[in-house]
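**Q** Predicted structure and sequence below. I'll ask about it afterward.
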Amino acid sequence: MNFYGHDKQVELFLRTIKSNRLHHAYIFSGIKGIGKRYFATNIARYLCCEERAYFSKCLCRSCRMIDEGMHPDIYQINRESLLADNIRELISDISMTATVGTYKVVIIDDADVLSATNQVVAANILLKTLEEPSDSTIFFLITDRYDEILATIRSRAVNIMFRPLEFHDVKDAVSSLRPDISFIDTAVSLSYGSIGKALDIIDSNIINVNQLLIDKEFVKFVEYIRSVPDTKTLFMVISNIYPYVLVLYKETGYYELSELSYYMLEILKRLNYNINLDLIKSDFASKIVEVLSEKI
């Protein structure tokens, strides 16, 4: 088991646990893909571990169950499961004594979703539990949008900010997960300190797109844009090209590149809605040809 970076948080929780000052609820905030959920899982592992292994490999029964995703006292909730009935069932389950260890641990991913209008009931059910916490239950709320967490929930939880990882941490993590990739350094450079984003860049072949920009092979680039299979991939491609357009604008001073950057932000907003993907790909490809092929 490897964990990369966030040394301050690792030390903080070790001191907190040893001094018996563990809070009943934490918000782990920071950009996606930097290990917030994995960190929470490791704290849960320690709290339930029979050998008290802290951020280190352990093969005790409890840790093996965690590795298999079958530990009865650890609840991992994703955004699709954040429904009122599911939260009610969760609250009922955690009200009972832990099955294996001393603690029950709840890890809620994308906790900011609870601020949505259609999540009011679920949020209120959770809030009541946070207002009347159990000594043996710990909540970890994971988010990359701290400001969108309900203020009533923020006031009852300790926020722990996770900053983007250092280059070497991301590279070490990605190298262990994708050892055969030759362009790891480039992917890491574009990841802004996020292991998850670096892996997305590698798996989505975005490296080739950025190289096309550098090489000015616009015909191939436009062909790539038109072949993007879905909205998620197009969003990822544009998100990763956007910084390059800004750099090119600063280097060349061409106003058209500034306009292109605003245009790309507008497309990213539109991709959040039900749009005609073929139409928007064609429109974007035409804009790229219009601006880049003439100005760079």
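**A** Okay, I see it.

**Q** I'd guessed Leu248 sits against Glu256; true?
**A** No. Counting by CB atoms under 8 Å, Leu248 stays clear of Glu256, with 10.3 Å between them. Where C-beta positions appear, they are placed from N, C-alpha and C, glycine not excepted.

**Q** Of the two, which one has the most company?
**A** Leu248 (20 against 17; other CB atoms under 10 Å).

**Q** Next up, the contacts around the spatially most central residue of the chain.
**A** Central residue of the chain (CA atoms, centre = their mean): Lys32, 2.3 Å from the mean position. Counting by CB atoms under 8 Å, 6 or more residues apart in numbering, Lys32 touches Asp144, Ser194, Gly196, Lys197.

**Q** Keep only those of those residues that are in helices.
**A** Using DSSP state H, the subset of the contacts of Lys32 located in helices is Gly196, Lys197.

**Q** out of the contacts of Lys32, which are buried?
**A** Buried by 16 or more other CB atoms under 10 Å: Asp144, Ser194, Lys197, out of those.

**Q** Of those, which is the nearest to Asp85?
**A** For those, the residue nearest Asp85 by CB to CB is Asp144; the value is 26.1 Å.

**Q** Next one: Ile27 from Asp144, what distance?
**A** Remark: distance between Ile27 and Asp144 (CB to CB, to the nearest Å) = 11 Å.

**Q** Show me the helices in this protein, by range?
**A** 7-18, 36-48, 61-67, 84-94, 120-131, 151-154, 167-177, 184-189, 195-203, 206-215, 218-227, 231-252, 255-270, 277-295.

**Q** contacting residues around Arg52?
**A** Contacts of Arg52 by CB under 8 Å, 6+ apart are Tyr46.

**Q** how much space between it and Asp73?
**A** 16 Å.

**Q** What of Val158?
**A** From Val158 to Asp73 the distance is 21 Å (CB to CB).

**Q** Comparing the two, which shows the higher neighbour count?
**A** Higher neighbour count among Val158 and Asp73: Asp73, with 25 against 13, using other CB under 10 Å.
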